[in-house]
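Asks: Coordinates only, no sequence provided:
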């Protein structure tokens, strides 16, 4: 399976996790929500759907009469089928969401992954964002080195094009830095909410609500009498 086919399967599973859809609706969502799929046809989508059905990750269901009429007018008879994610498909998609390897840092795959960050755990989002930033920083370093070597041999337009490319990468690195800082801040706030609010200052153990503290209340078992106390004389 090619990398682009894998990205398409990931995106289809992610969209169908939200709700079942006709083929024409899937294509529309892929075009509008995921710009990396703007230039693909039903001839690309339907083989992908058939593969996912064969793997047991999707099932085909007939649409309602109203849906059938709409689908027929928009995308022909084949679009009458509604595709629904199975339990196995949901489990497979969650496994894909948890992946953070180098493929998830590449241009097209990162765009697809980012589109489903709302369904992704914070720790996974952080690893993908940091990996993407590292990959772009490496790319930027190579671009700068290449420009330094070839600057004298480039005409003004080619030089300007290379500068434009570098500026685009620099902008994305700054954007990633902002996202990473935002994720870290959100993680810190979540950790603060989970932390016990009422703890003993010595060992950090939570106190029982309403229980007397060791500093301000008498002990259940009093210690030896104070010789200066008149009651002991």
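Replies: Thanks, I have the structure now. If you're wondering where the values come from, they're calculated on a predicted model, not measured in any experiment.

Asks: buried ones in the longest helix that the chain contains?
Replies: Criterion DSSP state H: the longest helix present in the chain is helix 156-194. For helix 156-194, the neighbour count (16 or more other CB atoms under 10 Å) marks 162, 166, 172-173, 176, 179-180, 183 as buried. For every residue, glycine as well, the C-beta is placed using N, CA and C.

Asks: Just name the closest of the residues you listed to residue 191, please.
Replies: Using CB to CB, residue 183 comes nearest to residue 191 of these, at 12.6 Å.

Asks: re the thing from before, out of the buried residues of helix 156-194, which one sits closest to residue 93?
Replies: Comparing the buried residues of helix 156-194 against residue 93 with CB to CB picks out residue 183 as the nearest, at 21.6 Å.

Asks: Pull the contacting residues for the closest one.
Replies: Contact analysis of residue 183 by CB atoms under 8 Å, 6 or more residues apart in numbering lists 122, 125-126, 129.

Asks: Which pLDDT value goes with the residue lying closest to residue 113 once chain neighbours are set aside?
Replies: In this structure, residue 113 finds its nearest non-sequential neighbour in residue 104, 5.3 Å apart by CB to CB, 6 or more residues apart in numbering. As predicted, residue 104 sits at a pLDDT of 92.

Asks: what helix or strand is residue 17 on?
Replies: Using DSSP states H and E, residue 17 sits in helix 3-18.

Asks: and that helix, which residues are buried?
Replies: Going by 16+ other CB under 10 Å, helix 3-18 has these buried residues: 6-16.

Asks: could I get those as TSV with pLDDT and distance to residue 40?
Replies: Formatted as TSV, the buried residues of helix 3-18 follow (pLDDT from 0 to 100; distance: CB to CB, whole Å):
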residue	pLDDT	distance to residue 40
6	87	14
7	89	11
8	90	8
9	93	13
10	93	14
11	92	11
12	94	11
13	96	16
14	94	16
15	93	14
16	95	17
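
Asks: Include distance to residue 147 when you put these into JSON lines, please.
Replies: What follows is those, written out as JSON lines (distance: CB to CB, whole Å):
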{"residue": "6", "distance to residue 147": "33"}
{"residue": "7", "distance to residue 147": "30"}
{"residue": "8", "distance to residue 147": "35"}
{"residue": "9", "distance to residue 147": "38"}
{"residue": "10", "distance to residue 147": "35"}
{"residue": "11", "distance to residue 147": "35"}
{"residue": "12", "distance to residue 147": "40"}
{"residue": "13", "distance to residue 147": "41"}
{"residue": "14", "distance to residue 147": "38"}
{"residue": "15", "distance to residue 147": "40"}
{"residue": "16", "distance to residue 147": "44"}
